[in-house]
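Engineer: Here's a sequence, model it:
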Amino acid sequence: MQKKLLLIITSCLYSFISFSQVKKGTITGNFKFSDLQSARLRNSNNYTNTNLNATPGIGYFIKDNLEIGVGFNYNLFRYKFNGVTGIYSQRSNSFGINAYSNYYFGKGRFKPYLTFQTGWQYTDGSYTESGIKNNFSSNRFYIGSGIGLNYNISKKIALFTEATYQVNNPLKDNSSGHFNLGGGIRIFFNRKKKN
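Structural biologist: Next up is the predicted model:
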């Protein structure tokens, strides 16, 4: 019985430590849903609210466990409310580009990491209140940092989640900050293992 238990424990431990450090030269592709705390998909007779934020990206390991990358983000926002005083609606689309660096720790399936991010985003939209339509547009620069956790499903695929704190327009008097929760999938191309 003890030999079987030892074999099971050894097998489990091996599966957790079999994923070593990610070596310099590895390329990654990732797809992340950002701002999960604000994500909405609601639809009823009097109320519609859709808010989705997707960020695909590509990264490269410049050193063992140190990844730099770029991403593109898109945000779709739709809101409509039929109230007593009339219909209020808002629509907007946001497009942006970002750069990031991730530093990974550990050698197992679970690999925590630190992340630093910066980017720019442009928003264009309109809102209608009491039958009057108003257009708006804005852009913002942001910086952020946080922590994340990779879970390696296989040597080529990982699921990840991260929590960051971002500051919008940090060099202006009207700067503001918010927490951003995200999660997605990361694919490793030509993954190299440290010997």
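Engineer: Which stretches in the protein count as helices?
Structural biologist: 2-17 (DSSP state H).
Engineer: now the strands for it?
Structural biologist: Using DSSP state E, the strands of the chain run over 27-33, 40-43, 47-63, 66-83, 86-104, 110-129, 132-152, 157-168, 176-189.
Engineer: Could you export these as a markdown table, including mean neighbour count and mean pLDDT?
Structural biologist: Where you see a C-beta, it was placed from the backbone N, CA and C, and this is true even at glycine. Output for those, formatted as a markdown table (neighbours: other Cβ atoms under 10 Å; pLDDT from 0 to 100):
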| stretch | mean neighbour count | mean pLDDT |
| --- | --- | --- |
| strand 27-33 | 17 | 93 |
| strand 40-43 | 11 | 67 |
| strand 47-63 | 16 | 90 |
| strand 66-83 | 16 | 90 |
| strand 86-104 | 16 | 92 |
| strand 110-129 | 16 | 94 |
| strand 132-152 | 15 | 93 |
| strand 157-168 | 17 | 93 |
| strand 176-189 | 16 | 91 |
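Engineer: any idea how far stretch 93-110 is from the chain center?
Structural biologist: 8 Å (Cα atoms, centre = their mean, to the nearest Å).
Engineer: Then stretch 105-119?
Structural biologist: With Cα atoms, centre = their mean, you get 13 Å for stretch 105-119.
Engineer: Stretch 122-136 too?
Structural biologist: 28 Å.
Engineer: what residues does it touch?
Structural biologist: 75, 77, 85-96, 137-140 (Cβ atoms under 8 Å, 6 or more residues apart in numbering).
Engineer: All set now, cheers.
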